[in-house]
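Colleague: For reference, the sequence and a predicted model appear below.
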Amino acid sequence: MAKAGIRRVLARNVRRLREARGLSQGALAADAGIYQELVSRIENGAANPELDTMGKIAAALGVHPRELLDE
């Protein structure tokens, strides 16, 4: 899987999981302790988040980090 492919998968999963929980980007960002702009950039495939950030997002969504990269 190419870098762009991984980013698309991450973007799709973060958005899907966030929306399934009824969270806004701002609410997810607050729960994860990150900036809302970063959530937006991740969901648009424009950001390359660090593993620690992905862990924070996964925890805020109540999922294992691997679920963020499941195809």
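Modeller: It's in.

Colleague: so what's residue 17 up against?
Modeller: Residues in contact with residue 17 (Cβ atoms under 8 Å, 6 or more residues apart in numbering) are 61, 63, 67-68. All C-beta atoms are positioned from the backbone trio N, CA, C, and that covers glycine.

Colleague: Can you tell me the element it falls in?
Modeller: For residue 17, the host element (DSSP states H and E) is helix 3-20.

Colleague: Can you give me the buried ones in the lowest-mean-pLDDT helix or strand in the chain?
Modeller: Of all helical and strand segments in the chain, the minimum by mean pLDDT, DSSP states H and E falls on helix 3-20, at a mean of 92. By neighbour count on 16 or more other Cβ atoms under 10 Å, the buried set for helix 3-20 is 7, 9-11, 13-15, 17-18.

Colleague: got the CA positions of the helix holding residue 17 in PDB?
Modeller: Extracted C-alpha coordinates of helix 3-20, given in PDB (Å, rounded to 0.1, in the frame of the first residue of the first chain):
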ATOM      1  CA  LYS A   3       1.700   6.300   1.500                       C
ATOM      2  CA  ALA A   4      -1.300   8.000  -0.100                       C
ATOM      3  CA  GLY A   5      -3.300   4.800   0.200                       C
ATOM      4  CA  ILE A   6      -2.600   4.500   3.900                       C
ATOM      5  CA  ARG A   7      -3.600   8.100   4.400                       C
ATOM      6  CA  ARG A   8      -6.900   7.500   2.500                       C
ATOM      7  CA  VAL A   9      -7.700   4.400   4.700                       C
ATOM      8  CA  LEU A  10      -6.900   6.400   7.900                       C
ATOM      9  CA  ALA A  11      -9.000   9.300   6.700                       C
ATOM     10  CA  ARG A  12     -12.000   7.100   5.900                       C
ATOM     11  CA  ASN A  13     -11.800   5.200   9.200                       C
ATOM     12  CA  VAL A  14     -11.400   8.200  11.400                       C
ATOM     13  CA  ARG A  15     -14.300  10.000   9.800                       C
ATOM     14  CA  ARG A  16     -16.500   6.800   9.800                       C
ATOM     15  CA  LEU A  17     -15.700   6.000  13.500                       C
ATOM     16  CA  ARG A  18     -16.100   9.700  14.600                       C
ATOM     17  CA  GLU A  19     -19.500  10.000  12.800                       C
ATOM     18  CA  ALA A  20     -20.700   6.700  14.100                       C
END
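
Colleague: Right, I'll call it a day here.
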